[in-house]
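Enquirer: sequence first, predicted coordinates after that:
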Amino acid sequence: MSPATTGRHGLLLDVEHLCAGYDDSSQVLFDLCFSIHAHQVTTLLGRNGMGKTSTIRCLTGLLQARSGKIVFQGHHLERTPAHVIARHGLGLVPEGRQIFPRLTVEENLMVAARTDFSNHWTLESTYALFPRLRERRHQGGGTLSGGEQQMLAIGRALMTNPKLLILDEATEGLAPLIRQQIWDALALLKRQGLSILIVDKNLDALESLADQHLVLEKGRMVWSGDAAAFKLHRHDVQRYLGV
């Protein structure tokens with residue numbers, strides 16, 4: 001296994017020996033160890049069913065760790081409720097988007113808005129990132145196209161003003177033009193200094209965006225490395241990603 005990136009950026013998230021499962025008889029994550037540093041983009045790669053979503057669920061409090069540590073900016077998250085984790089600064093764009101179909105676009109954004117400190121992400125800044133949401137702001141979330149719903153899910157997560165934005169299947173099922181708009185938005189967020197953890201299958205887009213790559217196989221970390229190592233060993237890494 002290649003060593004994960006440490007870089008010159010401050011440590012944001014540290015995961016040590018994480019194990020988790022969904023019932024007493026099944027375990028899905030085995031001794032995961034990785035770190036995420038501020039102002040960097042990290043990918044979480046692997047075939048379907050290899051533990052990517054389970055890892056994200058542990059980080060965001062939707063699945064309780066059986067053992068190990070999850071430390072985010074000094075806060076231990078292993079037994080912390082999901083809504084408290086969100087307040088600490090983890091913003092989730094879940095697989096399947098999970099927007100509120102009966103609320104308008106603007107209501108979907110406002111329901112997640114942080115109002116307890118000076119916010120970088122407001123309605124105006126979110127609409128600037130995704131102008132289509134401004135055009136659709138009075139429409140119900142359920143009337144949007146899949147791509148527009150993904151923009152809304154990202155915008156909703158940004159309205160929590162996260163320190164780490166987590167995207168589970170960032171562009172799955174989207175038309176090529178919409179996918180490119182999402183990648184362009186994520187590249188802009190990176191330039192602005194936002195830390196991002198992303199699950200997606202588009203290796204070309206991920207290679208150009210990410211600073212660090214993590215690869216899971218059956219709930220275990222089988223490869224990790226920085227952008228240079230990924231480029232050098234991409235052929236070897238792809239054997240963990242094919243069908």
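Expert: Cool, the structure landed.
Enquirer: gap between the two ends of stretch 200-211?
Expert: 15 Å (Cα to Cα, to the nearest Å).
Enquirer: buried ones in it?
Expert: Neighbour-count burial for stretch 200-211 flags 200, 203, 205, 206, 209, 210, 211 (criterion: 16 or more other Cβ atoms under 10 Å). In short, each C-beta sits where N, CA and C put it, glycine included.
Enquirer: count the neighbours of residue 96 for me.
Expert: Residue 96 has 12 neighbours, counted by other Cβ atoms under 10 Å.
Enquirer: tell me which helix or strand it sits in.
Expert: Using DSSP states H and E, residue 96 sits in no helix or strand.
Enquirer: next up, the contacts around the closest residue to it other than its chain neighbours.
Expert: Spatial nearest neighbour of residue 96, chain neighbours left out: residue 169 (8.0 Å); criterion: Cβ to Cβ, 6 or more residues apart in numbering. Listed by Cβ atoms under 8 Å, 6 or more residues apart in numbering, the contact set of residue 169 reads 95, 96, 199, 200, 201.
Enquirer: excluding chain neighbours, what is closest to the first one?
Expert: Nearest non-adjacent residue to residue 95, counting by Cβ to Cβ, 6+ apart: residue 168, 4.1 Å away.
Enquirer: check the fourth one too.
Expert: Distances taken as Cβ to Cβ, 6+ apart place residue 170 nearest to residue 200, at 4.6 Å, with adjacent residues excluded.
Enquirer: so residue 76 makes contact with residue 69?
Expert: Yes: counting by Cβ atoms under 8 Å, residue 76 touches residue 69, with 6.6 Å between them.
Enquirer: these two: which has the busier surroundings?
Expert: Shown here are residue 76 and residue 69; by other Cβ under 10 Å, residue 69 has more neighbours (14 against 10).
Enquirer: contacting residues around the more buried one?
Expert: Going by Cβ under 8 Å, 6+ apart, the list of residues near residue 69 reads 14, 15, 16, 17, 18, 76, 78.
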